[in-house]
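**Student:** Next input, structure requested:
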Amino acid sequence: MKVEPFMQVWQSILEAIPDTARPVLETFAATGLADINQIQSFTNLTRDRVNRAAERMLSGGLLTQLNRPLPRPDQRGKPASVFLLTKGGAEVLTQIGVKGAHPCGLKDDLTILHRLAMTDVHLTALKAGITIRTDRVLRFNERELRPDHLLTLEDGHSLILEVEQSASIDLLRRVVESLQNKQDFFASSASANVLSEVRMIVQLPRGKKWDKTLQIWGKALGVVMEKAGGKLPFRLFAIPRTEFLNAPDWGVERQLLWKEITVPEKSTAIQPISESVPQAMLYRTSHEERLVLTALWQDFLENVQPVLGQFPRPDPEFFQIMRLIYSASHDDQLSDIEQSAIPYASIYLLDQYLSMRNLRTELNRALHSGQHSTRWNPTMVLHRMQVVIDMFLKLQGWRSNSFLFAAAEMSNWNKDEVRTFSVTVKIRKPIILMTDDELVVPSDEEVKYTEQALSWVLCALFEYGPELGLGRVEFW
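**Tutor:** Numbers count the residues shown, from 1 in each chain. Have a look, this model is predicted:
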(Lines give C-alpha, C1' and ligand atoms only; values in the text may rest on other atoms or scores of the structure.)
Protein backbone atom coordinates (compact mmCIF):
# COMPACT_ATOMS: atom_id res chain seq x y z
CA MET A 1 0.00 0.00 0.00
CA LYS A 2 1.39 3.37 -1.03
CA VAL A 3 1.94 5.86 1.80
CA GLU A 4 1.44 9.52 0.91
CA PRO A 5 4.54 11.73 1.40
CA PHE A 6 2.92 13.83 4.12
CA MET A 7 1.85 10.71 6.00
CA GLN A 8 5.48 9.56 5.89
CA VAL A 9 6.44 12.88 7.44
CA TRP A 10 3.72 12.42 10.03
CA GLN A 11 4.90 8.94 10.92
CA SER A 12 8.42 10.21 11.52
CA ILE A 13 7.09 13.02 13.75
CA LEU A 14 4.95 10.55 15.70
CA GLU A 15 7.96 8.31 16.29
CA ALA A 16 10.00 11.28 17.58
CA ILE A 17 7.32 12.91 19.79
CA PRO A 18 4.48 10.41 20.20
CA ASP A 19 2.71 12.15 23.09
CA THR A 20 2.93 15.64 21.59
CA ALA A 21 2.35 15.47 17.85
CA ARG A 22 -1.36 14.70 17.62
CA PRO A 23 -2.68 17.20 20.20
CA VAL A 24 -0.58 19.97 18.66
CA LEU A 25 -1.78 19.28 15.12
CA GLU A 26 -5.42 18.87 16.23
CA THR A 27 -5.31 22.45 17.53
CA PHE A 28 -5.58 23.56 13.88
CA ALA A 29 -8.52 21.36 12.93
CA ALA A 30 -11.35 23.91 13.17
CA THR A 31 -9.85 27.19 11.96
CA GLY A 32 -6.59 26.30 10.22
CA LEU A 33 -4.41 28.55 12.34
CA ALA A 34 -3.30 29.12 15.92
CA ASP A 35 -0.67 31.02 17.85
CA ILE A 36 1.76 29.39 20.21
CA ASN A 37 -0.15 30.53 23.31
CA GLN A 38 -3.33 28.91 22.03
CA ILE A 39 -1.54 25.65 21.28
CA GLN A 40 0.07 25.60 24.71
CA SER A 41 -3.20 26.36 26.51
CA PHE A 42 -5.22 23.76 24.56
CA THR A 43 -2.69 20.93 24.82
CA ASN A 44 -1.48 21.66 28.38
CA LEU A 45 2.07 21.16 27.11
CA THR A 46 5.10 23.21 28.07
CA ARG A 47 6.27 25.89 25.67
CA ASP A 48 9.45 23.93 24.91
CA ARG A 49 7.50 20.84 23.89
CA VAL A 50 5.12 22.90 21.74
CA ASN A 51 8.08 24.64 20.08
CA ARG A 52 9.76 21.32 19.28
CA ALA A 53 6.56 19.94 17.77
CA ALA A 54 5.98 23.12 15.74
CA GLU A 55 9.55 23.06 14.44
CA ARG A 56 9.16 19.48 13.21
CA MET A 57 5.85 20.27 11.54
CA LEU A 58 7.30 23.37 9.91
CA SER A 59 10.25 21.45 8.51
CA GLY A 60 7.91 18.67 7.36
CA GLY A 61 5.59 21.07 5.53
CA LEU A 62 2.56 20.48 7.72
CA LEU A 63 2.58 24.06 9.04
CA THR A 64 3.91 27.42 7.95
CA GLN A 65 4.67 30.38 10.19
CA LEU A 66 3.39 33.90 9.66
CA ASN A 67 6.43 35.93 8.66
CA ARG A 68 5.54 39.07 10.60
CA PRO A 69 4.43 39.99 14.12
CA LEU A 70 0.67 40.40 14.46
CA PRO A 71 -0.39 42.29 17.60
CA ARG A 72 -3.91 41.77 18.94
CA PRO A 73 -6.06 44.93 19.13
CA ASP A 74 -6.88 44.19 22.78
CA GLN A 75 -3.58 42.85 24.00
CA ARG A 76 -0.30 44.61 24.76
CA GLY A 77 3.13 43.04 24.78
CA LYS A 78 5.10 41.02 22.26
CA PRO A 79 2.79 39.26 19.77
CA ALA A 80 2.78 35.48 19.85
CA SER A 81 4.05 33.49 16.86
CA VAL A 82 1.23 32.45 14.52
CA PHE A 83 1.22 29.14 12.63
CA LEU A 84 -0.93 28.23 9.61
CA LEU A 85 -2.07 24.78 8.52
CA THR A 86 -0.82 23.74 5.06
CA LYS A 87 -2.50 21.50 2.53
CA GLY A 88 -0.25 18.68 3.73
CA GLY A 89 -1.24 19.30 7.35
CA ALA A 90 -4.93 19.23 6.42
CA GLU A 91 -4.42 15.95 4.54
CA VAL A 92 -2.79 14.40 7.61
CA LEU A 93 -5.64 15.49 9.89
CA THR A 94 -8.15 13.97 7.46
CA GLN A 95 -6.19 10.72 7.27
CA ILE A 96 -6.07 10.36 11.07
CA GLY A 97 -9.83 10.82 11.33
CA VAL A 98 -10.24 14.52 12.09
CA LYS A 99 -13.14 15.87 10.04
CA GLY A 100 -13.44 19.31 8.46
CA ALA A 101 -9.76 20.30 8.40
CA HIS A 102 -8.80 22.80 5.71
CA PRO A 103 -5.52 24.54 4.90
CA CYS A 104 -5.29 28.21 5.81
CA GLY A 105 -4.49 30.48 2.88
CA LEU A 106 -5.29 33.78 4.61
CA LYS A 107 -3.03 36.76 3.84
CA ASP A 108 -4.79 39.83 5.22
CA ASP A 109 -3.92 40.79 8.82
CA LEU A 110 -7.49 41.67 9.82
CA THR A 111 -8.82 38.37 8.50
CA ILE A 112 -6.09 36.46 10.32
CA LEU A 113 -6.86 38.36 13.55
CA HIS A 114 -10.53 37.48 13.17
CA ARG A 115 -9.64 33.83 12.65
CA LEU A 116 -7.34 33.83 15.68
CA ALA A 117 -10.19 35.09 17.86
CA MET A 118 -12.38 32.31 16.44
CA THR A 119 -9.63 29.87 17.46
CA ASP A 120 -9.76 31.31 20.99
CA VAL A 121 -13.48 30.66 21.28
CA HIS A 122 -13.42 27.22 19.67
CA LEU A 123 -10.55 25.84 21.76
CA THR A 124 -11.95 27.32 24.97
CA ALA A 125 -15.30 25.64 24.30
CA LEU A 126 -13.68 22.27 23.59
CA LYS A 127 -11.68 22.43 26.83
CA ALA A 128 -14.90 23.17 28.72
CA GLY A 129 -16.66 20.20 27.13
CA ILE A 130 -19.05 22.42 25.16
CA THR A 131 -20.41 21.16 21.84
CA ILE A 132 -19.40 23.80 19.30
CA ARG A 133 -19.58 23.98 15.52
CA THR A 134 -17.25 26.56 14.01
CA ASP A 135 -17.69 28.15 10.59
CA ARG A 136 -20.52 25.82 9.57
CA VAL A 137 -23.60 26.57 7.48
CA LEU A 138 -27.18 26.99 8.74
CA ARG A 139 -29.68 26.57 5.92
CA PHE A 140 -33.04 28.33 5.79
CA ASN A 141 -35.51 29.23 3.03
CA GLU A 142 -33.08 28.05 0.32
CA ARG A 143 -30.47 30.41 1.78
CA GLU A 144 -27.47 30.06 4.07
CA LEU A 145 -26.25 31.72 7.26
CA ARG A 146 -22.66 31.04 8.27
CA PRO A 147 -22.11 32.07 11.89
CA ASP A 148 -18.61 31.96 13.34
CA HIS A 149 -19.77 29.57 16.08
CA LEU A 150 -22.90 27.63 16.96
CA LEU A 151 -23.04 26.26 20.51
CA THR A 152 -25.33 23.60 21.93
CA LEU A 153 -26.59 24.84 25.30
CA GLU A 154 -27.50 22.77 28.34
CA ASP A 155 -31.23 23.06 27.62
CA GLY A 156 -30.77 21.75 24.07
CA HIS A 157 -31.08 25.11 22.31
CA SER A 158 -28.36 26.40 20.00
CA LEU A 159 -26.69 29.77 20.39
CA ILE A 160 -24.98 31.89 17.72
CA LEU A 161 -21.64 33.36 18.80
CA GLU A 162 -19.91 35.79 16.45
CA VAL A 163 -16.41 37.24 16.57
CA GLU A 164 -16.15 40.89 15.58
CA GLN A 165 -13.48 43.58 15.42
CA SER A 166 -13.52 47.35 15.28
CA ALA A 167 -16.04 48.87 12.85
CA SER A 168 -16.08 52.29 11.23
CA ILE A 169 -18.96 54.07 9.55
CA ASP A 170 -17.76 53.26 6.02
CA LEU A 171 -18.42 49.59 6.84
CA LEU A 172 -22.05 50.35 7.72
CA ARG A 173 -23.54 48.63 4.68
CA ARG A 174 -21.64 45.43 5.43
CA VAL A 175 -22.77 45.47 9.04
CA VAL A 176 -26.35 46.06 7.85
CA GLU A 177 -26.05 43.09 5.47
CA SER A 178 -24.78 40.87 8.30
CA LEU A 179 -27.66 41.87 10.57
CA GLN A 180 -30.21 41.59 7.76
CA ASN A 181 -29.13 37.99 7.14
CA LYS A 182 -29.66 37.24 10.83
CA GLN A 183 -33.02 39.02 10.79
CA ASP A 184 -34.12 36.82 7.87
CA PHE A 185 -32.87 33.69 9.62
CA PHE A 186 -34.62 34.41 12.92
CA ALA A 187 -37.80 35.26 11.06
CA SER A 188 -37.76 31.77 9.50
CA SER A 189 -38.93 28.45 10.94
CA ALA A 190 -35.32 27.18 10.83
CA SER A 191 -34.54 29.23 13.94
CA ALA A 192 -37.06 27.42 16.14
CA ASN A 193 -34.37 25.69 18.20
CA VAL A 194 -31.94 28.61 18.25
CA LEU A 195 -31.87 31.04 21.18
CA SER A 196 -33.28 34.34 19.92
CA GLU A 197 -30.15 36.36 20.54
CA VAL A 198 -26.73 36.79 18.99
CA ARG A 199 -23.72 37.22 21.24
CA MET A 200 -20.73 39.04 19.78
CA ILE A 201 -17.21 38.60 21.16
CA VAL A 202 -15.45 41.80 20.12
CA GLN A 203 -11.68 41.86 19.79
CA LEU A 204 -11.40 45.26 21.48
CA PRO A 205 -11.06 46.49 25.07
CA ARG A 206 -13.74 48.75 26.49
CA GLY A 207 -12.98 52.33 25.60
CA LYS A 208 -13.44 54.87 22.84
CA LYS A 209 -13.04 52.44 19.95
CA TRP A 210 -15.31 49.90 21.64
CA ASP A 211 -17.99 52.57 22.09
CA LYS A 212 -17.67 53.71 18.49
CA THR A 213 -17.89 50.16 17.17
CA LEU A 214 -21.04 49.45 19.17
CA GLN A 215 -22.54 52.72 17.91
CA ILE A 216 -22.02 51.54 14.32
CA TRP A 217 -23.77 48.25 15.11
CA GLY A 218 -26.57 50.22 16.78
CA LYS A 219 -27.03 52.36 13.67
CA ALA A 220 -27.07 49.25 11.49
CA LEU A 221 -29.60 47.64 13.82
CA GLY A 222 -31.79 50.73 13.36
CA VAL A 223 -31.67 50.32 9.56
CA VAL A 224 -32.67 46.65 9.78
CA MET A 225 -35.35 47.37 12.38
CA GLU A 226 -36.95 50.09 10.27
CA LYS A 227 -36.98 47.83 7.24
CA ALA A 228 -38.58 45.08 9.36
CA GLY A 229 -41.35 47.39 10.52
CA GLY A 230 -39.99 48.41 13.90
CA LYS A 231 -39.36 45.07 15.63
CA LEU A 232 -36.64 42.41 15.42
CA PRO A 233 -36.98 38.70 16.29
CA PHE A 234 -33.59 38.60 18.05
CA ARG A 235 -31.45 40.61 20.48
CA LEU A 236 -27.79 41.54 20.08
CA PHE A 237 -25.17 41.50 22.85
CA ALA A 238 -21.43 42.23 22.92
CA ILE A 239 -18.51 41.64 25.26
CA PRO A 240 -14.73 42.20 24.94
CA ARG A 241 -12.80 39.09 23.97
CA THR A 242 -10.46 39.19 26.97
CA GLU A 243 -13.38 39.44 29.43
CA PHE A 244 -15.08 36.45 27.85
CA LEU A 245 -11.93 34.31 27.83
CA ASN A 246 -11.18 35.14 31.46
CA ALA A 247 -14.55 33.70 32.53
CA PRO A 248 -16.20 31.88 29.59
CA ASP A 249 -19.96 32.31 29.60
CA TRP A 250 -21.79 29.41 27.95
CA GLY A 251 -25.11 29.53 29.79
CA VAL A 252 -28.61 30.12 28.56
CA GLU A 253 -28.71 33.07 30.94
CA ARG A 254 -25.83 35.53 30.46
CA GLN A 255 -23.57 35.85 33.51
CA LEU A 256 -20.94 38.37 32.36
CA LEU A 257 -21.25 42.10 31.69
CA TRP A 258 -22.63 41.69 28.19
CA LYS A 259 -23.65 45.00 26.62
CA GLU A 260 -26.93 44.88 24.75
CA ILE A 261 -26.71 46.77 21.49
CA THR A 262 -29.81 48.82 20.92
CA VAL A 263 -30.87 51.40 18.39
CA PRO A 264 -29.76 54.92 19.40
CA GLU A 265 -32.80 57.10 19.91
CA LYS A 266 -31.94 59.45 17.06
CA SER A 267 -31.27 56.54 14.71
CA THR A 268 -34.68 54.90 15.04
CA ALA A 269 -35.92 57.00 12.12
CA ILE A 270 -39.54 56.83 13.32
CA GLN A 271 -39.95 60.24 11.76
CA PRO A 272 -40.22 60.35 7.96
CA ILE A 273 -36.84 59.93 6.31
CA SER A 274 -37.38 63.10 4.29
CA GLU A 275 -37.31 65.08 7.53
CA SER A 276 -34.16 63.47 8.94
CA VAL A 277 -31.79 63.73 5.97
CA PRO A 278 -31.60 66.23 3.08
CA GLN A 279 -33.29 65.15 -0.13
CA ALA A 280 -30.19 66.13 -2.10
CA MET A 281 -28.40 63.20 -0.49
CA LEU A 282 -31.22 60.76 -1.24
CA TYR A 283 -31.40 61.42 -4.96
CA ARG A 284 -33.10 58.47 -6.66
CA THR A 285 -32.22 55.79 -4.13
CA SER A 286 -34.11 52.70 -3.00
CA HIS A 287 -35.88 52.65 0.35
CA GLU A 288 -33.20 50.42 1.90
CA GLU A 289 -30.41 52.69 0.63
CA ARG A 290 -32.24 55.71 2.04
CA LEU A 291 -32.13 54.08 5.46
CA VAL A 292 -28.38 53.56 5.17
CA LEU A 293 -27.81 57.12 3.95
CA THR A 294 -29.86 58.40 6.87
CA ALA A 295 -27.49 56.65 9.27
CA LEU A 296 -24.45 57.96 7.37
CA TRP A 297 -25.82 61.48 7.50
CA GLN A 298 -26.41 61.27 11.24
CA ASP A 299 -22.87 59.99 11.82
CA PHE A 300 -21.51 62.77 9.62
CA LEU A 301 -23.25 65.42 11.70
CA GLU A 302 -22.09 63.84 14.95
CA ASN A 303 -18.42 63.54 14.02
CA VAL A 304 -17.48 66.37 11.66
CA GLN A 305 -16.71 69.43 13.74
CA PRO A 306 -15.31 72.78 12.54
CA VAL A 307 -11.57 73.09 13.01
CA LEU A 308 -10.69 75.25 16.00
CA GLY A 309 -7.55 77.36 15.86
CA GLN A 310 -5.69 78.88 12.97
CA PHE A 311 -3.25 76.02 12.44
CA PRO A 312 -4.98 72.64 12.64
CA ARG A 313 -2.96 69.59 13.53
CA PRO A 314 -3.16 66.42 11.39
CA ASP A 315 -5.68 63.98 12.78
CA PRO A 316 -6.25 60.36 11.65
CA GLU A 317 -10.01 61.02 11.93
CA PHE A 318 -9.60 63.05 8.72
CA PHE A 319 -9.14 59.80 6.80
CA GLN A 320 -12.22 58.27 8.42
CA ILE A 321 -14.27 61.24 7.25
CA MET A 322 -12.88 60.91 3.71
CA ARG A 323 -13.86 57.24 3.75
CA LEU A 324 -17.34 58.11 4.99
CA ILE A 325 -17.83 60.69 2.22
CA TYR A 326 -16.59 58.27 -0.43
CA SER A 327 -18.52 55.25 0.82
CA ALA A 328 -21.85 57.08 0.62
CA SER A 329 -21.85 56.49 -3.15
CA HIS A 330 -19.01 54.04 -3.85
CA ASP A 331 -19.47 51.10 -1.52
CA ASP A 332 -19.26 47.77 -3.37
CA GLN A 333 -22.35 46.66 -1.44
CA LEU A 334 -24.39 49.02 -3.62
CA SER A 335 -26.16 47.71 -6.70
CA ASP A 336 -24.47 47.97 -10.09
CA ILE A 337 -26.93 50.70 -11.09
CA GLU A 338 -26.22 52.77 -7.97
CA GLN A 339 -22.47 52.39 -8.46
CA SER A 340 -22.85 53.59 -12.07
CA ALA A 341 -24.86 56.71 -11.21
CA ILE A 342 -23.65 60.25 -10.48
CA PRO A 343 -22.37 60.05 -6.84
CA TYR A 344 -24.90 62.53 -5.46
CA ALA A 345 -24.62 61.38 -1.85
CA SER A 346 -20.83 61.70 -1.80
CA ILE A 347 -20.99 65.10 -3.50
CA TYR A 348 -23.51 66.29 -0.96
CA LEU A 349 -21.42 65.16 2.02
CA LEU A 350 -18.29 66.75 0.57
CA ASP A 351 -20.20 70.00 0.03
CA GLN A 352 -21.33 69.92 3.67
CA TYR A 353 -17.78 69.16 4.79
CA LEU A 354 -16.39 72.18 2.94
CA SER A 355 -18.99 74.37 4.65
CA MET A 356 -18.51 72.98 8.13
CA ARG A 357 -14.74 73.33 7.91
CA ASN A 358 -14.91 76.77 6.25
CA LEU A 359 -12.65 75.61 3.42
CA ARG A 360 -14.37 77.18 0.44
CA THR A 361 -12.76 80.64 0.49
CA GLU A 362 -9.17 79.38 0.39
CA LEU A 363 -9.99 76.68 -2.15
CA ASN A 364 -11.68 79.19 -4.46
CA ARG A 365 -8.62 81.41 -4.28
CA ALA A 366 -6.33 78.50 -5.17
CA LEU A 367 -8.63 77.28 -7.96
CA HIS A 368 -9.25 80.55 -9.75
CA SER A 369 -6.16 82.68 -9.15
CA GLY A 370 -4.99 84.20 -12.47
CA GLN A 371 -7.78 82.53 -14.39
CA HIS A 372 -7.93 85.22 -17.09
CA SER A 373 -4.19 85.57 -17.63
CA THR A 374 -3.13 81.94 -17.65
CA ARG A 375 -2.57 80.00 -20.85
CA TRP A 376 -3.52 76.47 -20.00
CA ASN A 377 -1.32 73.60 -21.05
CA PRO A 378 -0.82 70.22 -19.36
CA THR A 379 2.07 71.49 -17.24
CA MET A 380 0.08 74.49 -15.98
CA VAL A 381 -2.98 72.35 -15.30
CA LEU A 382 -0.95 69.90 -13.22
CA HIS A 383 0.65 72.77 -11.32
CA ARG A 384 -2.68 74.39 -10.53
CA MET A 385 -4.19 71.08 -9.48
CA GLN A 386 -1.27 70.48 -7.14
CA VAL A 387 -1.71 73.95 -5.61
CA VAL A 388 -5.36 73.12 -4.85
CA ILE A 389 -4.50 69.65 -3.51
CA ASP A 390 -1.84 71.10 -1.23
CA MET A 391 -4.22 73.81 -0.01
CA PHE A 392 -6.99 71.32 0.81
CA LEU A 393 -4.59 69.15 2.82
CA LYS A 394 -2.85 72.11 4.46
CA LEU A 395 -6.13 73.46 5.79
CA GLN A 396 -6.44 70.19 7.72
CA GLY A 397 -2.85 70.02 8.91
CA TRP A 398 -1.45 67.60 6.31
CA ARG A 399 1.14 67.98 3.58
CA SER A 400 1.20 66.09 0.32
CA ASN A 401 4.74 64.78 0.04
CA SER A 402 5.55 62.96 3.25
CA PHE A 403 4.01 59.79 4.72
CA LEU A 404 0.87 60.97 2.94
CA PHE A 405 1.55 61.46 -0.77
CA ALA A 406 -0.98 63.16 -3.05
CA ALA A 407 -0.11 64.35 -6.55
CA ALA A 408 -1.87 65.50 -9.70
CA GLU A 409 -1.05 63.46 -12.78
CA MET A 410 -1.99 62.86 -16.39
CA SER A 411 -4.05 59.84 -17.37
CA ASN A 412 -2.15 56.71 -18.29
CA TRP A 413 -2.74 56.26 -22.00
CA ASN A 414 -1.85 52.59 -21.73
CA LYS A 415 -4.88 51.94 -19.51
CA ASP A 416 -8.52 51.65 -20.52
CA GLU A 417 -9.79 54.72 -18.68
CA VAL A 418 -11.11 58.23 -19.27
CA ARG A 419 -8.44 60.49 -20.77
CA THR A 420 -8.25 63.32 -18.26
CA PHE A 421 -6.25 64.49 -15.27
CA SER A 422 -6.35 62.55 -12.03
CA VAL A 423 -4.98 62.47 -8.49
CA THR A 424 -2.76 59.72 -7.12
CA VAL A 425 -2.78 59.15 -3.37
CA LYS A 426 -0.37 56.87 -1.51
CA ILE A 427 -0.27 56.17 2.20
CA ARG A 428 3.45 55.57 2.61
CA LYS A 429 3.20 54.74 6.31
CA PRO A 430 -0.14 53.21 7.40
CA ILE A 431 0.57 54.29 10.98
CA ILE A 432 -0.74 57.77 10.09
CA LEU A 433 -4.23 56.24 9.85
CA MET A 434 -4.11 55.03 13.46
CA THR A 435 -5.64 56.86 16.40
CA ASP A 436 -3.88 56.79 19.78
CA ASP A 437 -5.89 53.84 21.10
CA GLU A 438 -5.24 51.55 18.13
CA LEU A 439 -2.63 48.80 18.35
CA VAL A 440 -2.97 47.10 14.96
CA VAL A 441 -1.59 48.70 11.81
CA PRO A 442 -4.31 48.96 9.12
CA SER A 443 -4.40 46.20 6.54
CA ASP A 444 -3.40 46.64 2.91
CA GLU A 445 -7.10 46.57 2.01
CA GLU A 446 -7.90 49.40 4.45
CA VAL A 447 -4.97 51.46 3.16
CA LYS A 448 -6.04 50.93 -0.46
CA TYR A 449 -9.62 51.96 0.30
CA THR A 450 -8.43 55.09 2.11
CA GLU A 451 -6.25 56.00 -0.87
CA GLN A 452 -9.22 55.57 -3.21
CA ALA A 453 -11.44 57.67 -0.97
CA LEU A 454 -9.05 60.61 -0.66
CA SER A 455 -8.19 60.44 -4.36
CA TRP A 456 -11.90 60.71 -5.23
CA VAL A 457 -12.41 63.66 -2.87
CA LEU A 458 -9.45 65.55 -4.34
CA CYS A 459 -10.61 64.89 -7.91
CA ALA A 460 -14.15 65.95 -7.00
CA LEU A 461 -12.88 69.45 -6.15
CA PHE A 462 -12.26 69.89 -9.88
CA GLU A 463 -14.87 67.63 -11.48
CA TYR A 464 -17.83 68.81 -9.39
CA GLY A 465 -16.78 72.44 -8.81
CA PRO A 466 -20.25 73.94 -9.50
CA GLU A 467 -22.02 71.43 -7.23
CA LEU A 468 -19.51 72.14 -4.43
CA GLY A 469 -19.83 75.92 -4.60
CA LEU A 470 -16.34 76.24 -6.10
CA GLY A 471 -17.47 77.41 -9.52
CA ARG A 472 -16.61 75.93 -12.90
CA VAL A 473 -12.93 75.09 -13.09
CA GLU A 474 -11.54 76.71 -16.27
CA PHE A 475 -9.03 73.99 -17.11
CA TRP A 476 -11.27 70.97 -16.46
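
**Student:** Which residue is the nearest non-sequential neighbour of residue 101?
**Tutor:** residue 93 (3.8 Å; Cβ to Cβ, 6 or more residues apart in numbering). All C-beta spots, glycine's among them, are computed from the backbone N, C-alpha and C.

**Student:** who are the neighbours in contact with that neighbour?
**Tutor:** 25-26, 28-29, 85, 101 (Cβ atoms under 8 Å, 6 or more residues apart in numbering).

**Student:** For residue 333, grab phi and psi.
**Tutor:** phi -80, psi -10 (degrees, to the nearest 10).

**Student:** Distance check, the closest residue to residue 468 other than its chain neighbours against residue 391.
**Tutor:** Distance criterion Cβ to Cβ, 6+ apart; nearest residue to residue 468, sequence neighbours excluded, is residue 351 at 5.1 Å. According to Cβ to Cβ, to the nearest Å, residue 351 stands 17 Å off from residue 391.

**Student:** Then residue 32?
**Tutor:** Applying Cβ to Cβ, the value for residue 32 to residue 391 is 49 Å.

**Student:** Please apply the same query to residue 399.
**Tutor:** In terms of Cβ to Cβ, residue 399 sits 11 Å off from residue 391.

**Student:** Mind checking which of those two has more residues around it?
**Tutor:** Per other Cβ atoms under 10 Å, whichever of residue 399 and residue 391 has more neighbours is residue 391, with 17 against 13.

**Student:** Where do the strands of the chain begin and end?
**Tutor:** 33-35, 63-65, 82-85, 132-134, 138-140, 143-145, 149-152, 158-164, 194-202, 235-240, 259-260, 404-410, 421-427 (DSSP state E).

**Student:** Need those strands in TSV (columns: distance to residue 437).
**Tutor:** Shown next, in TSV, are the strands of the chain (distance: least, Cβ to Cβ, whole Å):
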stretch	distance to residue 437
strand 33-35	23
strand 63-65	29
strand 82-85	23
strand 132-134	30
strand 138-140	35
strand 143-145	32
strand 149-152	27
strand 158-164	17
strand 194-202	14
strand 235-240	13
strand 259-260	18
strand 404-410	21
strand 421-427	20
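
**Student:** so which of the ones you listed gets nearest residue 13?
**Tutor:** Across the strands of the chain, residue 13 has its closest neighbour in strand 63-65 (10.9 Å, Cβ to Cβ).

**Student:** In that closest one, which of the residues would be classed as buried?
**Tutor:** 63-64 (16 or more other Cβ atoms under 10 Å).

**Student:** who does that strand pair up with?
**Tutor:** Strand 63-65 pairs in its sheet with strand 82-85 (antiparallel), by DSSP bridges.

**Student:** Quick one: distance of the partner strand to the chain centre.
**Tutor:** 22 Å (Cα atoms, centre = their mean, to the nearest Å).

**Student:** all helices for the stretch 51-200 of the chain, in order.
**Tutor:** Under the criterion DSSP state H, counting those that start in this stretch, helices of the stretch 51-200 of the chain are mapped to 87-95, 109-127, 172-186.
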